[in-house]
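K.L.:
here is my input, please return the structure:
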Amino acid sequence: MSIAGEWYSSGTFWTGASAAATLLVGIATVAVTYLTRFARQRLEYGLRTVAPLLTAPDGVRDGLELRHRGVLLERPFLAEVVLAGWGRRDVPRDAFDNGEPIRLDLGVRIVELLQITATDSVSATPVPPARVDGTELLIGPALIGRRQRIVITCLTEDKPREVSCAAPLANARVRRRVRDPESVVTPLGEVDKQSFLVGAVGAFLVLVIMAKSVYDTLSG
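P.N.:
Numbers count the residues shown, from 1 in each chain. Below you'll find the model as predicted:
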C-alpha cells in the first residue's frame, strides 16, 4: 500500500482532522466575540466643500459686498464639514469625558452654523447637537452611530484650509480624512479581519466534512 493510500484510509487522521476543525471553529467564535465586544469606537472627519460666495471677476468684485445680519463680510466662504462613524460600535453619549463636546477647528472665524444633517444606514440615530465657538464647531455630547455620517454646513469669514479635531473620547480612534466619504464604508482591514477568520475556518471545516464523506463511501 502506498503512503498516500495509508494517509487517505487512516481513520485516525480523519478523527484528528474533525477534532481540529471543531477546535478552530470554537477559537474563531471566541475571537469574533472578543473583537466585537472590545472593538474601539472610530470616527473620521474632514472638509467636504469649501466655496467662495463672492466669485465675480476682480474688476467687478470691488463694487460688491455681502452682509450677514447687517455685518459686512470681506471674504465669505461656505464650508461643509463631515464627521462620520466608521467602526463596528456606536459612540454613546456617556463616552464623552466629563460631557465635553467634540471640537472641530476650521482655523477661521465661523460666522454662523447654517445646517446640520445626518444619515445612518444602520439605525435612525438622531442628529447630534452642534454649536459655534469662534473658529470651532462643537458637536455633542450625543450618540453617534457606527455608520452615521454628519454634515455640518457653515458660513465662514475667510477660507478654511483644513480642519483639526479634539475629541474627548477615551476609547475612540479619530482620524482626519482628506477626501470626503460620500458613503460611510468600513475599511477593508476593519471589515474582513473577522469575516476572513470565520470564512477560512468554515471553508476548512466544509472540506474536512466532504473528504470524510468520500472516505466513508469508498471504505464502505
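K.L.:
for residue 66, see how far away residue 175 is.
P.N.:
Distance of residue 175 to residue 66, given as CB to CB, to the nearest Å: 35 Å. Bear in mind the C-beta positions are built from the backbone N, C-alpha and C, glycine included.
K.L.:
next: residue 84.
P.N.:
For residue 84, the distance to residue 66 - CB to CB - is 31 Å.
K.L.:
all helices of this structure, in order?
P.N.:
3-8, 11-37, 58-61, 188-219 (DSSP state H).
K.L.:
quick one: average confidence on the shortest one?
P.N.:
Model confidence over helix 58-61 averages 65 on the pLDDT scale.
K.L.:
next one: the longest one
P.N.:
Per-residue pLDDT values over helix 188-219 give a mean of 57.
K.L.:
equivalent analysis for stretch 98-107, please.
P.N.:
pLDDT averaged over stretch 98-107 gives 94.
K.L.:
could you do stretch 148-157 as well?
P.N.:
Rounded mean pLDDT across stretch 148-157 is 94.
K.L.:
would you confirm that residue 64 contacts residue 52?
P.N.:
No - between residue 64 and residue 52 there is no contact under CB atoms under 8 Å: 11.7 Å.
K.L.:
more crowded one of the two?
P.N.:
residue 52 (12 against 9; other CB atoms under 10 Å).
K.L.:
tell me who's in contact with that one.
P.N.:
75, 76, 77, 78, 159 (CB atoms under 8 Å, 6 or more residues apart in numbering).
K.L.:
ok, now residue 112?
P.N.:
If you count contacts by CB under 8 Å, 6+ apart, then residue 112 has 68, 132, 154, 155 around it.
K.L.:
give me the PyMOL select line for those, limited to the buried ones.
P.N.:
Only the buried entries of those go into this PyMOL selection, using 16 or more other CB atoms under 10 Å:
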select buried, resi 132+154+155
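K.L.:
which two of the contacts of residue 112 have the greatest separation?
P.N.:
Using CB to CB, the contacts of residue 112 reach their maximum pairwise distance at 68 and 132, which is 12.9 Å.
K.L.:
mind putting the contacts of residue 52 into TSV with distance to residue 101 and neighbour count?
P.N.:
Below are the contacts of residue 52 laid out as TSV (distance: CB to CB, whole Å; neighbours: other CB atoms under 10 Å):
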residue	distance to residue 101	neighbour count
75	27	13
76	26	20
77	23	21
78	23	14
159	25	15
